[in-house]
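>>> Please work out how this folds:
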Amino acid sequence: MTNISSLLQKTGFWILFIVVTLTPLFFLPLTSEFYEFNKQALLSLSALLLLIIWTAIFVIERRVRVLRSPFGLPLFLLAVVWVISTFYKTPNRFDAFLQPGNTSTILGLVILFFSGINLTRSRRELEILFYGFLASSFTLSLLSLLWSSNLTGQLIPIPFLKSVLWTPTGNALSTFTIHLTTTLLLILLILKEKANSAKTLALGFCLFLSLLSSAAVGFRLFMDNPANRPLFLPQSAGWVIALEALKTSPLFGTGPATFLSDFTQFRPLSLNLSPTGSVRFPASSSQYLHVLTLTGILGLATYLFLVARVFIIIFKLLKTQSESPLRHFTLAALTCVGALFISQIFVVSSYSTLFFLFTLLILATLALKHLGSSLIHEANIDIVASTETGIHSPLLPAICFTLAISLSLPSLYLGSRGYYAEVIFYQALQAASANNAKATYDLLLSAIRTNPYVDTYRIAFSQATFLIANNMASNVPPAGLTESDRNTITQLIQQSVQEAKNAVSLNPQKVTNVENLASIYRNLLSIAQGADAWTLASYLQAIRLDPTNPNLRISLGGLYFANKNYDEAVRHFQAAVDLKPNLANAHYNLSAAYREKGQFAQSYAAMQSVLANLDKNSPDYPKAQAEAEELRKKAGQAEIPTPAGPQNPELTAPQPLPSPKLNPPLQLPSELGPDSTPAPSPATSLSPTPIP
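The predicted structure is shown next:
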């Protein structure tokens, strides 16, 4: 039994070593997102395997032996709060478990921490784990230098590898943060090493490379090209969103993977006047506000509990007089963890940064253990039952192993289906880029069948089926559509609408889902009866989910404009102007609506605002000047003002009804209209439609 237990422990340790070493560098060009999604898949698989191995050792040794650390309780509570918030608040729980940085990431990292500190037994194993961590950081630094030089991208004929900011973490800012933290760690370690020793020279070389890579990535990210600079949500906006979210759910927040919905519903109006006013941020302005928004007061409290524990132990170590290398290593590792916690005041940590932080926590905990700190100790937990013969039968090891299997097997099954669906979805995107309509249709349908709970697949399928139907309707032969073609178009459009509705059903709080449904309905205006009312209802629903977005008002006003309801068009275009006074396109649409009403003075005044907010170098500026001149003549004004203004998006006039038109129009079932109360789960998809 002891040999089996030792073999399992060694197996678990090497799995941990592989994960720690490989994760920062791991990516696969097999899914729609190459980097964080695949890193999370690796973490989830490894964490579940480690959990099974760890609990199997309980059964073999007939006892539950757990290494207790000062970080264990806050991490356990953090995982519990994230799980409760997921099941209690998140509209689509599959988003929380599939999207990196959310519930699966937190659970995987917490399991990795507990299993890692318990399966790494000897000091030699700690050293091997650290060397693997260091080798990974060294390789990442080397790759950063190679790509920042712009030589590698020119030599490798692969499109996604050509960017000077390419990094295997998938996020240049994360790579920059990791390099800076590694630099700090190496400096702290070198300060306590003997001069001219082989270890000092090796650490010094790694430090030199880390400094160079930090400078190279930092230059490319912040100084080389303004387009490369990361965008950050202002801190004031992050506070407003968090406080508004707390009003709806103070204890558990709005749920993991819901920040985009929180942003669109709660962002302050002042954000429209900022340079990033048109950006929809997927994360808050800091890690703490992000956690507060998603998991509420309890989530933030447990996270701050962990932060406090780290700094308390740092202060305790500073007070000790020990000169042990393990003390210096622990202090260096925890100082880097503290530095990452401080950086989280200003940014939200990506998946790679969170993994880096947890790896340092594991290393610091193991170093404390071998230091002999009183903060770390092993505990044997026993629950036994007496048999009729009087022999005690341990129950807790069997219970733990059974729970681990009960958690792991369904998770592995669902996770594998989720991953396979992503692979199929990526293949569908490649087929779409190659203009292969049939392959795109079949692959998207297969992705939905494999994982029916991802709204992105539904949106893509709704758009693809509509494009196929629109292409068929646009190429009507002189003899007209056959009954078979007409039936095929009808079925494709019904599928398009149904899948757009299914996306809304999966997450009715996500404005992009409702926008897609509104767009599908709008494209049906010229070919299906009743589509105008459906379009109107969907745009109103989108506005409720994103009330400060001027572009939605412009779209709704454009709908009224196309139907020659100019009074309502003016009202909604004016609302867009009120939401974002410096948006030239809002003034341009308002001017067009006034012009159609015959109110040339108001139209000319709106066109003056267009010129005031449009960059003189814009290709639309001469067009706006010419239109203003015509309006001036009609309005009887004396001159055309030409003030310079900030650069804004190009002008887009209100769009007419989409073409082509089918005669007679299609009769679609009333069930395809927008639901006032979306169903909690998506309706069953229609059967596949033959694609010609």
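>>> my read is Leu67 is in a strand, agree?
Yes: assessed with DSSP: H, G, I helix; E, B strand; the rest coil, Leu67 lies in a strand.
>>> Tell me what it is bridged to.
Beta bridges link Leu67 to Glu378, judged by DSSP bridges.
>>> Can you show me the strands along the chain?
Secondary structure of the chain (DSSP state E): strands located at 64-68, 377-381, 384-386, 392-394.
>>> Can you give me the domain boundaries for the protein?
134-231, 563-657 (automatic domain parsing).
>>> Ends of the first one, what's the gap?
Spelled out, it's domain 134-231. Using CA to CA, to the nearest Å, one end of domain 134-231 lies 30 Å from the other.
>>> Averaged pLDDT, that domain. What do you get?
Here domain 134-231 scores 88 as its mean pLDDT.
>>> Quick check: Leu186 vs Ser526, distance?
Distance of Leu186 to Ser526, computed by CB to CB, to the nearest Å: 65 Å. Quick note: C-beta positions are derived from backbone N, CA and C, even for glycine.
>>> neighbour-wise, which of these two wins?
Using other CB atoms under 10 Å, the more surrounded residue of Leu186 and Ser526 is Leu186, with 23 against 18.
>>> Any stretches of the protein with poor pLDDT?
1, 153, 195-196, 383-393, 476, 478-481, 637-651, 653-673, 675-692 (pLDDT under 70).
>>> angle of the lengthiest helix in it against strand 64-68?
In the chain, assigned by DSSP state H, the helix with the most residues is helix 396-433. Per axes from the mean of the first three to the mean of the last three CA atoms, to 10 degrees, the angle that helix 396-433 makes with strand 64-68 is 70 degrees.
>>> Pull out the buried residues from helix 396-433.
By 16 or more other CB atoms under 10 Å, the buried positions in helix 396-433 come out as 396-397, 400-401, 404, 407-408, 411, 415, 418-419, 421-428, 431-432.
>>> Tell me the helices and strands packed up against that helix.
If you count contacts as 3 or more CB pairs under 8 Å, 6 or more residues apart in numbering; DSSP states H and E, helix 396-433 packs onto helix 36-61, strand 64-68, helix 93-98, helix 437-450, helix 455-474.
>>> Out of these, which gets nearest to Phe87?
helix 93-98 (6.4 Å; CB to CB).
>>> Phe114 against Ser69, yeah?
No: using CB atoms under 8 Å, Phe114 makes no contact with Ser69, being 9.0 Å away.
>>> if we can go back for a sec, dump the helices and strands packed on helix 396-433 to TSV, plus distance to Asn3.
Shown next, in TSV, are the helices and strands packed on helix 396-433 (distance: least, CB to CB, whole Å):
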stretch	distance to Asn3
helix 36-61	10
strand 64-68	17
helix 93-98	37
helix 437-450	42
helix 455-474	48
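>>> Tell me which of the ones you listed sits nearest to Ala364.
strand 64-68 (13.0 Å).
>>> Buried by neighbour count: which residues of that closest one qualify?
Of all the residues in strand 64-68, those buried under the rule 16+ other CB under 10 Å are 64, 66-67.
>>> cool, stretch 328-345 as well?
Result for stretch 328-345 [16+ other CB under 10 Å]: buried residues 328-341, 343-344.
>>> from the residues you listed, which single one is nearest Leu233?
Gln344 (13.9 Å).
>>> Skip the chain neighbours and tell me the closest residue to that closest one.
Spatial nearest neighbour of Gln344, chain neighbours left out: Gln287 (3.4 Å); criterion: CB to CB, 6 or more residues apart in numbering.
>>> how far away is Ala434 from Ile158?
17 Å.
>>> and if you look at Ala404?
40 Å.
>>> cool, Ala531 as well?
Counting by CB to CB - Ala531 and Ile158 are separated by 44 Å.
>>> Among the helices and strands packed on helix 396-433, which comes closest to Ala537?
Comparing the helices and strands packed on helix 396-433 by CB to CB, helix 455-474 comes nearest, at 16.9 Å.
>>> Could you list the alpha-carbon positions for the closest one in PDB?
C-alpha atoms of helix 455-474 as PDB (Å, rounded to 0.1, in the frame of the first residue of the first chain):
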ATOM      1  CA  ASP A 455     -25.000  32.100 -27.100                       C
ATOM      2  CA  THR A 456     -22.000  32.900 -29.400                       C
ATOM      3  CA  TYR A 457     -22.700  29.800 -31.500                       C
ATOM      4  CA  ARG A 458     -26.400  30.700 -31.700                       C
ATOM      5  CA  ILE A 459     -25.600  34.300 -32.900                       C
ATOM      6  CA  ALA A 460     -23.100  33.000 -35.500                       C
ATOM      7  CA  PHE A 461     -25.700  30.500 -36.700                       C
ATOM      8  CA  SER A 462     -28.500  33.000 -36.900                       C
ATOM      9  CA  GLN A 463     -26.300  35.400 -39.000                       C
ATOM     10  CA  ALA A 464     -25.000  32.600 -41.200                       C
ATOM     11  CA  THR A 465     -28.400  31.200 -42.000                       C
ATOM     12  CA  PHE A 466     -29.800  34.700 -42.800                       C
ATOM     13  CA  LEU A 467     -26.900  35.400 -45.100                       C
ATOM     14  CA  ILE A 468     -27.500  32.200 -47.000                       C
ATOM     15  CA  ALA A 469     -31.200  33.000 -47.300                       C
ATOM     16  CA  ASN A 470     -30.500  36.600 -48.300                       C
ATOM     17  CA  ASN A 471     -28.100  35.400 -51.000                       C
ATOM     18  CA  MET A 472     -30.800  33.100 -52.400                       C
ATOM     19  CA  ALA A 473     -33.400  35.900 -52.400                       C
ATOM     20  CA  SER A 474     -30.900  38.300 -54.000                       C
END
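>>> Check which helices and strands it sits against.
So helix 455-474, by 3+ CB pairs under 8 Å, 6+ apart, packs with helix 396-433, helix 437-450, helix 483-506, helix 511-523.
>>> could these go into CSV alongside distance to Leu212?
Below are the helices and strands packed on helix 455-474 laid out as CSV (distance: least, CB to CB, whole Å):
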stretch, distance to Leu212
helix 396-433, 35
helix 437-450, 43
helix 483-506, 46
helix 511-523, 41
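>>> right, so of the ones you listed, which gets closest to Ser148?
Closest among the helices and strands packed on helix 455-474, using CB to CB: helix 396-433, at 27.7 Å.
>>> still on that earlier bit, return the residues in contact with the residue nearest to Gln344.
344-345, 347-349 (CB atoms under 8 Å, 6 or more residues apart in numbering).
>>> Having no further points to raise, I will conclude here.
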